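S.K.: here's my sequence, what's the structure:
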Amino acid sequence: MKRDLLFSGAVVVVAVAGLAVLCGSARAGGAADYYPRRAWGSFEGGQMNTSLLVFRDLNRNGIYDLGDRPMSRVAVELGKPNGSTIMRLTNAGGFANFRMSVMQRDFEVVDPGHYTFRVVPPPGYSVTTGNASQESDYVVSPGSPGDMIAKTTTHPVGLAADMTISGAVAAGSRVSLTGPDGVSAAAQVGPDGRFSAPVTPGEWLVDFATGGATERRHVVVGASPVVLSAFSGKSGPAEKPLPLEHVVGFDDLMTSPGVFEVPSGYGGLNWYNLVAMHQRFTDGPGYTNTTMSGEFIAYNSSGHPAQVFSDKPFDFTGAYFGAGWDDAEGETLVLKAWRGDEPAYEDQLVLSANGLVYFAADYLRITRLEIRTQHYWQAAIDDFAYRTGP
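M.R.: Numbering: from 1, shown residues only. Reported below is the predicted structural model:
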């Protein structure tokens, strides 16, 4: 009996679904009922986005091409026909979106007329594509998703970091930089021992001198500013770097969009309180802006100190760092390293969610590295480079 009732009910549902209702009576439906055509020319009353893409121009060639990445948290200003302006930040995909609709009057683009777009780069960034300001006329177009269209669409805007080599030395130290062209120039050292010099991509030599002690660093400037670890000021023969070079980008740990604790043994090192995730798993703009290779990135879990360690000495070459969240703008990253129980290195650098810096550590023969943020915000980390012995 129970089966008969269920079957009968299914028959009734199917029968009703196969009828079309017209003037209160039911009839069989046809293709015209189930696949109606739109009445073009009438107002849709819906919405769509008018957008502008901002990207990280990694090769600095002024073209949005392969290898370039979206840039999040960039201010884009929309100028309206009435003279007012409104600002939107780019999202994780690099788009600044402005809602457009003729009928929904509380949106950003609602009236036909002349509109302007202006990209305002964050501090330390410059436009490479020459089109920070763009403009277009918008006209009413009934039947389009927002009942309005742009006569011309925007073009991607590329940004690149203003390239510098910076660091900290003892007061009274001298710093000289020699560029790829072989030309040398002295860097100005401030009263606090900090220096920063504009550079171009390529190989650089940085020479330090203080109190009779000298040191030379070989620095490769790529797609981001470089921060050098502190000059030790110690005289004596330099230690030789370990021979085997490694770079981990955390992309081979996982394929899902979740989070994954970096396990000990990854890359031959031990890891504590470091988590890897897809760069867009959260809304933190710094994760998108710090990713350099692949799609995954690491961070210190819950903003608490993380460690990388090994029984065998390793060299920490360097890594890309940024602040994961915009609320952490200006957070201080503290890096400490030990050889056994003996402190060996310590450095601090300022992080930004707008973009990354490369910390050229050159920490030799260490057994433990601590990665800590001063105010317990998450630091984004990519392309962790190190060397090991044979």
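S.K.: doesn't Ala213 make contact with Asp207?
M.R.: No: if you go by C-beta atoms under 8 Å, Asp207 and Ala213 don't touch, sitting 11.6 Å apart. Backbone N, C-alpha and C define where each C-beta goes, glycine included.
S.K.: can you give me the neighbour number for Ser352?
M.R.: 23 (other C-beta atoms under 10 Å).
S.K.: how many residues are close by Arg339?
M.R.: Neighbour number of Arg339 under other C-beta under 10 Å is 15.
S.K.: scratch that, Glu329 is what I was asking about
M.R.: By other C-beta under 10 Å, neighbour count at Glu329 equals 16.
S.K.: in contact with it, which residues?
M.R.: Counting by C-beta atoms under 8 Å, 6 or more residues apart in numbering, Glu329 touches Ala323, Ser352, Ala353, Asn354.
S.K.: do Ser232 as well
M.R.: Ser232 makes contact with Ala213, Glu215 under the criterion C-beta under 8 Å, 6+ apart.
S.K.: so it, which of the three states?
M.R.: coil (DSSP: H, G, I helix; E, B strand; the rest coil).
S.K.: what sits against the residue positioned nearest the centre of the chain?
M.R.: The centroid of the chain falls nearest to Asn289 when counting by C-alpha atoms, centre = their mean (1.2 Å). Asn289 makes contact with Arg56, Met71, Ser72, Arg73, Gly322, Ala353, Asn354, Gly355, Leu356, Ala380, according to C-beta under 8 Å, 6+ apart.
S.K.: so Ala209 makes contact with Arg174?
M.R.: Yes: if you go by C-beta under 8 Å, Ala209 and Arg174 touch, sitting 4.6 Å apart.
S.K.: now, among the contacts of Glu329, which is nearest to Val189?
M.R.: Set against Val189, the nearest of the contacts of Glu329 by C-beta to C-beta is Ser352 (23.2 Å).
S.K.: if we can go back for a sec, surely the residue nearest to the centre of the chain is within a strand?
M.R.: No: counting by three-state DSSP, Asn289 is not found in a strand; it is helix.
S.K.: confidence score at it?
M.R.: Looking at Asn289, its pLDDT is 97.
S.K.: how about low-confidence regions in the stretch 101-250 of the chain?
M.R.: 233-238 (pLDDT under 70).
S.K.: which residues in it form strands?
M.R.: Taking DSSP state E, counting those that start in this stretch to define them, one finds strands in the stretch 101-250 of the chain at 113-120, 125-127, 133-140, 148-150, 157-161, 164-168, 174-178, 184-187, 194-198, 202-210, 213-221, 226-228, 244-248.
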